[in-house]
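*Asks:* I need the structure of the sequence given here:
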Amino acid sequence: MRTEFSFDEKLLSKELKLLLELMKTENKKKVGLDKSNLFKNINWNEFLELANFHRVYPIIYLKLKDLNEKLVPKKVMDALYEKYKHNTFQMLQLSSEMERINRLFNNNHIKVLFLKGPVIANDLYGDISLRTSKDLDVLIAEKDLDKANEILLQIGYSKEKTTTILNEKKWKKHHVIYFHTEKKTEVEIHWRLHPPPSKEPSFEELWERKRESSFNFSSIYFLGEEDLFLFLVVHGARHGWFRLRWLKDIDQVMKRNINLRKTEIITKKYQYGHLVGQALILVSALLDTPLPKELEALTKKKQSTTLARKAYLFISGFEDFTYHSRYLISLNLGIKKLLYIFILLYPNSNDLTTLTLPKILHFLYFPLKPFLLIWKKIKTS
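*Replies:* This next block holds a predicted model:
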């Protein structure tokens, strides 16, 4: 089944419409013959910018390369090929680094789950060159953070320099970033899947449902099928689905036979129903992804349709991220909404740059926070 929900197509540029058509059409000839009108009067520079911004250029390149040469200028195909080639090399480099980090962590008795990167590209697309990734996202138990930090520093990584105040980490953080200057490789070490106040399974639960990757010689573990689906849903929702690559990931998942009963149980337990509904509406309406009847009810929820409309404005470029904070508040329901507002108003290290107070007076950032937010808005407007 496909959702009956529809969006205002007038908000989409010709270039974005073509991009979406290429992403959703399996039959390449259908695009070249039946949809050739979509290629007329295209601003190809803008098209390339969109393919790059949405991180879908590997798929777009492969869809276009076998079409009639008259439809797409050669310089456009050359540019897409260079991006595709660069991404393939980058994914191979990340694969090598992923195996190295996995081996070192295993040798030091750290259980590790890879959240994104080559292992996910291989799982969802069957080919690491078809998905882009700028870094490795790794999930470990919080108790292993110090040990992981020591290992990464020993092999040449430097830790992102961050200043935290008033136990900010507990309320706002869920990962820390490491960068290798020589290899130009970035690694995010997560101790949570998502920032607070989202409810989520414990590391041990995720570890019990883990899968083992089949594309390399060592044992690389990553999220179970249902956990990965929900991780991708919540991650995409938090970012307003502003990159179409995230929707394409959901499209790939929905083409597989995931255990809908397990998915439904986890969705209810962690209150993800409205977010799953949002993702299903978007992927069905924009990419023509068939949806299972078992999840149809989620697309009918008022919260799901409201959130889908808000995300569509981000995707179309009609609304910028000035409204992202408001959107993030709307992702939370009930008590979680109040918790999120509390976290939003919780002091953070940025407040130090707006108004520097001695450590002994840091508690004053609580009553001052609303005024600091207004001041920052005035300065940036």
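
*Asks:* all contacts plus neighbour counts: C-alpha atoms, from now on.
*Replies:* Noted.

*Asks:* can you pull the contacts of Asn280?
*Replies:* If you look again at residue 280, you'll see it is Leu, not Asn. 291, 299 (C-alpha atoms under 8 Å, 6 or more residues apart in numbering).

*Asks:* Going by residue numbers, what spans are strands in the stretch 1-150 of the chain?
*Replies:* 113-114, 135-139 (DSSP state E, counting those that start in this stretch).

*Asks:* TSV for these, including distance to Ile250, mean neighbour count and mean pLDDT?
*Replies:* TSV is the format used below for these (distance: least, C-alpha to C-alpha, whole Å; neighbours: other C-alpha atoms under 10 Å; pLDDT from 0 to 100):
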stretch	distance to Ile250	mean neighbour count	mean pLDDT
strand 113-114	18	23	98
strand 135-139	18	23	96
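
*Asks:* and those strands as CSV, adding distance to Val72?
*Replies:* Formatted as CSV, the strands of the stretch 1-150 of the chain follow (distance: least, C-alpha to C-alpha, whole Å):
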stretch, distance to Val72
strand 113-114, 37
strand 135-139, 31
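
*Asks:* Tell me the spacing between Leu92 and Leu50.
*Replies:* 24 Å (C-alpha to C-alpha, to the nearest Å).

*Asks:* More neighbours: these two, which one.
*Replies:* Leu50 (18 against 14; other C-alpha atoms under 10 Å).

*Asks:* Can you tell me the closest non-neighbouring residue to that one?
*Replies:* What sits nearest to Leu50 in space, not counting adjacent residues and going by C-alpha to C-alpha, 6 or more residues apart in numbering, is Leu16, at 7.1 Å.

*Asks:* quick one: contacts for the closest residue in space to Leu11 that isn't next to it in sequence?
*Replies:* Spatially, and ignoring its direct neighbours in sequence, Leu11 is nearest to Ser316 (6.1 Å; C-alpha to C-alpha, 6+ apart). Shown in contact with Ser316 (C-alpha under 8 Å, 6+ apart): 11-13, 16.

*Asks:* related to what we said a few turns ago, quick check: which of the strands of the stretch 1-150 of the chain is nearest to Leu38?
*Replies:* strand 135-139 (34.2 Å; C-alpha to C-alpha).

*Asks:* any idea of the pLDDT on Lys35?
*Replies:* Note on Lys35: pLDDT of 70.

*Asks:* same question, Glu26
*Replies:* 68.

*Asks:* Can you show me the strands along the stretch 151-300 of the chain?
*Replies:* Under DSSP E, counting those that start in this stretch, the stretch 151-300 of the chain gives strands at 157-159, 175-180, 185-190, 211-212, 221-222.

*Asks:* re the thing from before, do you know how far the residue nearest to Leu50 is from Val56?
*Replies:* Distance, Leu16 to Val56, using C-alpha to C-alpha: 12 Å.

*Asks:* low pLDDT regions in this structure?
*Replies:* 1-4, 25-34, 68, 163-172, 215-217, 321-323, 363, 377-381 (pLDDT under 70).

*Asks:* What is the longest helix of it by residue count?
*Replies:* Assignment by DSSP state H gives helix 74-107 as the longest helix of the chain.

*Asks:* What helices and strands are in contact with that helix?
*Replies:* Counting contacts by 3 or more C-alpha pairs under 8 Å, 6 or more residues apart in numbering; DSSP states H and E, helix 74-107 packs against helix 44-53, helix 57-64, helix 118-125, strand 135-139, helix 145-154.

*Asks:* Compare these and give me the one nearest Asp251.
*Replies:* The nearest among the helices and strands packed on helix 74-107, by C-alpha to C-alpha, is helix 118-125 at 9.4 Å.

*Asks:* relative to strand 135-139, how tilted is the closest one?
*Replies:* Angle, helix 118-125 to strand 135-139, by axes from the mean of the first three to the mean of the last three C-alpha atoms, to 10 degrees: 90 degrees.

*Asks:* For stretch 194-202, which residues meet the burial criterion?
*Replies:* 194-198, 200 (16 or more other C-alpha atoms under 10 Å).

*Asks:* Next step: those residues restricted to helices.
*Replies:* Going by DSSP H, the helices hold none of those.

*Asks:* Next up, the contacts around Ser213.
*Replies:* So Ser213 contacts 119, 123, 219-222 (C-alpha under 8 Å, 6+ apart).

*Asks:* possible to save those as TSV with neighbour count?
*Replies:* Converted to TSV, these look like this (neighbours: other C-alpha atoms under 10 Å):
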residue	neighbour count
Val119	26
Asp123	17
Ser219	15
Ile220	20
Tyr221	19
Phe222	25
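
*Asks:* Now the two most distant members of those residues.
*Replies:* Maximum distance among the contacts of Ser213 (C-alpha to C-alpha): 14.2 Å, for Asp123 and Ser219.
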